[in-house]
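Engineer: Here is my input, please return the structure:
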Amino acid sequence: MAERCNSLRRSNINTKRTHTPLTFLNIPNFCLHDLYTHKFTWTDLEALIDIQERTLAAQKTELVRVELTLLDSKERELIQLRKQHNNLQAVLESLHNAEWPKCVEAESAEAERLNTTIAAMRTAVAEKNRELLEALDLQKTLERQLANEQGRLAKVEEQQHGN
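Structural biologist: Okay, the predicted model is just below:
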């Protein structure tokens, strides 16, 4: 395996990159805006897929070539560490740009506002329940008074008809 890699390395050292990466940007009269507005025909879609497959194959070949031309594992490790460093920088930059303290503060303020609103609603519901109970008590009292008055009226009418 090592001999194969060494022979590949020797054969690839002198080869220069002569191809242009193939992407959908190489398609004549193609605009990125077309992705959102243009209705592609089946042929157009097949052409895009073919170009993307060739692009991926070319990128894989380039990665293998770069990997094989590296002199030793320390160089590969250094490149890997640089890639990791760049990825971490991108993550940290996005976190920094997100302004987390402001987001947390805004969410805390919103949570406090919602808790205050909920407490006010609970108070209002309790007050409405109290008013409802008072209205029900008043209804019962009025119904009793009405029943008493109807009973008295019936007695009075009875006395008037009986006389």
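Engineer: List the residues that contact the spatially most central residue of the chain.
Structural biologist: With distances taken as C-alpha atoms, centre = their mean, Ala98 lies nearest the centre of the chain, 14.7 Å away. Neighbouring residues of Ala98 by C-beta atoms under 8 Å, 6 or more residues apart in numbering: there are none. Using the backbone N, CA and C atoms, a C-beta is placed for each residue, glycine as well.
Engineer: Under the pLDDT cut-off, which ranges of this protein? List them.
Structural biologist: 1-38, 70-71, 163 (pLDDT under 70).
Engineer: Could you rerun that using 90?
Structural biologist: When residues are selected by pLDDT under 90, those of the chain lie in 1-49, 51, 59-80, 83, 90-104, 106, 157-163.
Engineer: For it, just list every one of the helices.
Structural biologist: For the chain, applying DSSP state H gives helices covering 2-13, 34-37, 42-69, 73-98, 100-162.
Engineer: what's around Asp44, how many residues?
Structural biologist: Neighbour count for Asp44, taken as other C-beta atoms under 10 Å: 14.
Engineer: one step back: tell me which of the helices of the chain is the most buried.
Structural biologist: helix 42-69 (a mean of 12; mean count of other C-beta atoms under 10 Å).
Engineer: So which other helices or strands are in contact with that helix?
Structural biologist: helix 2-13 (3 or more C-beta pairs under 8 Å, 6 or more residues apart in numbering; DSSP states H and E).
Engineer: care to break this protein down by domain?
Structural biologist: With domains defined by automatic domain parsing, the chain comprises 1-71, 105-163.
Engineer: so how far is Ala124 from Arg130?
Structural biologist: Separation of Arg130 from Ala124 (C-beta to C-beta, to the nearest Å): 11 Å.
Engineer: now Glu157
Structural biologist: Applying C-beta to C-beta to Glu157 and Ala124 gives a distance of 48 Å.
Engineer: what does Asp137 give?
Structural biologist: For Asp137, the distance to Ala124 - C-beta to C-beta - is 20 Å.
Engineer: How about Trp42?
Structural biologist: Taken as C-beta to C-beta, the span from Trp42 to Ala124 is 62 Å.
Engineer: Having no further points to raise, I will conclude here.
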